[in-house]
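A.B. asks: Predicted model and sequence follow; I will ask about them next.
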Amino acid sequence: MKSFLSINDVENLPELVKDALEIKKNPHVYKDLGLDKSMCLIFLNPSLRTRLSSQKAAFNLDLNTAVLDVGSQGWQLEFADGVKMDSDKAEHIKEAAAVIGSYFDIVAIRAFAKLENREEDYSEQVMESFKKYCPAPVINMESGTGHPLQALADLITIEEHKTVEKPKVVLTWAPHPRALPQAVANSFSKWMQAAGFDLTITHPQGYELVGEAVGNASVEYNQKKAFEGADFVYAKNWSSYSQYGKILSQNPDWMVTANKMKLTNNAKFMHCLPLRRNVIAEDDVVDSENSLIIPQAANRIYSMQVVLQHILKELK
Ligand code: CP
């Protein structure tokens, strides 16, 4: 693996998941791979899990890390070409990416969708600029349109807990007070379909994901109907793609409740976190014995570690 920007960088998905599960059994035995190598984690947005699980994965490999919070520590970056740089953006991505890539062997970036301009967010300007100007391999820690490290952790978690070869997985929209990107939902949908699972996406009208992410998934506007027979229920809020970045509904009837979970095939509950309790899902669901949110978050270590190992092998 040369870089990890999306599922398109994965050559063999079942092998990648198998490797991650193998690493999880014995995470410290691959230290030779990271020895004398270093990674820079660049955050344009906040993070708890991605930041710490990435550092932990690097620690397991003896890979040194540095963290740059662009908002509070770095110069504001300009990504557009040919502009007169007389605003608050002091440094162009051309120099920043080239310099960071000359210091480190791997560069990982988090840059959320701004939700102001769909074309801009979906052009993946930040990731694509790093890929273009940074000489080191690049890892996506959540971009304008995707969160592949999260989707890989989700897939690892489902592989660990599934009881049938091809489980019914339901991705359900849930209400949220703020407009959130579609990145997690986009990646989850793509990765579940790539794994061959039976995916249903349920959401109110107007929350259709981009066609490329929907793929061959079933779309069901009746949440209760979607839940019938589900083996996994994955809750997530996202803002509208068609009316880009808009909140079209905050209908609390879409919250995941214990009563709705009774419609499922004793489904496991999943969410990428952070989760607003009693808005996205009620306490009884979040705290139930079927809730996988903590093991799912723990698997973020192994999704990052397997990606690092695949990239480091290429660097050897
Ligand atoms: N799920 C996830 O990416 O969490 P953080 O935003 O805390 O990194």
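C.D. replies: Sure thing, it's come through.

A.B. asks: Name the SS class of residue 68, please.
C.D. replies: At residue 68 the chain is in strand, as set by DSSP: H, G, I helix; E, B strand; the rest coil.

A.B. asks: who does the closest residue to it other than its chain neighbours bridge with?
C.D. replies: Closest residue to residue 68 apart from its sequence neighbours, by C-beta to C-beta, 6 or more residues apart in numbering: residue 42 at 4.9 Å. C-betas here are computed from N, CA, C, even on glycine. Counting by DSSP bridges, residue 42 forms beta bridges with residue 68, residue 109.

A.B. asks: can you pull the contacts of residue 42?
C.D. replies: Taking C-beta atoms under 8 Å, 6 or more residues apart in numbering as the criterion, residue 42 is in contact with 67-68, 70, 74, 100, 107-110.

A.B. asks: Let's see that with 10 Å instead.
C.D. replies: By C-beta atoms under 10 Å, 6 or more residues apart in numbering, residue 42 lies in contact with 66-70, 74, 77, 96-97, 100, 104, 107-111, 126, 130, 134, 138-139, 141.

A.B. asks: Also residue 277?
C.D. replies: 255, 283, 285-287.

A.B. asks: just residue 161 next, same as before
C.D. replies: By C-beta under 10 Å, 6+ apart, the neighbours of residue 161 are 167, 231-232, 268, 270, 290, 292, 295-296.

A.B. asks: Sort out which one of those lies nearest the ligand for me.
C.D. replies: Comparing the contacts of residue 161 against the ligand with C-beta to the nearest ligand atom places residue 296 closest, at 8.9 Å.

A.B. asks: strands paired with the worst-scoring helix or strand of the chain on mean pLDDT, and their directions?
C.D. replies: Lowest on mean pLDDT, DSSP states H and E among the helices and strands of the chain sits strand 77-78, with a mean of 94. Next to strand 77-78 in the sheet, as set by DSSP bridges, lie strand 91-92 (parallel).

A.B. asks: What mean pLDDT does the strand it pairs with get?
C.D. replies: Taken as a whole, strand 91-92 has a mean pLDDT of 96.

A.B. asks: Would you mind pulling the contact partners of that strand?
C.D. replies: 70, 74-81, 83, 85, 98-99, 129, 133.

A.B. asks: Tell me if residue 150 really is in a strand.
C.D. replies: No: per three-state DSSP, residue 150 lies outside any strand segment and is helix.

A.B. asks: Contact partners for it?
C.D. replies: Counted by C-beta under 10 Å, 6+ apart, residue 150 has contacts 49-50, 141-142, 183-184, 187-188, 191, 236, 272-273, 296-297, 299-300, 303.

A.B. asks: try it again with 8 Å
C.D. replies: 50, 142, 184, 187-188, 272, 300, 303.

A.B. asks: what's the spacing between residue 49 and the ligand?
C.D. replies: 4 Å (C-beta to the nearest ligand atom, to the nearest Å).

A.B. asks: per-residue confidence for the residue of the stretch 151-300 of the chain found nearest the ligand?
C.D. replies: Of all residues in the stretch 151-300 of the chain, residue 272 sits closest to the ligand, at 3.9 Å by C-beta to the nearest ligand atom. pLDDT for residue 272: 98.
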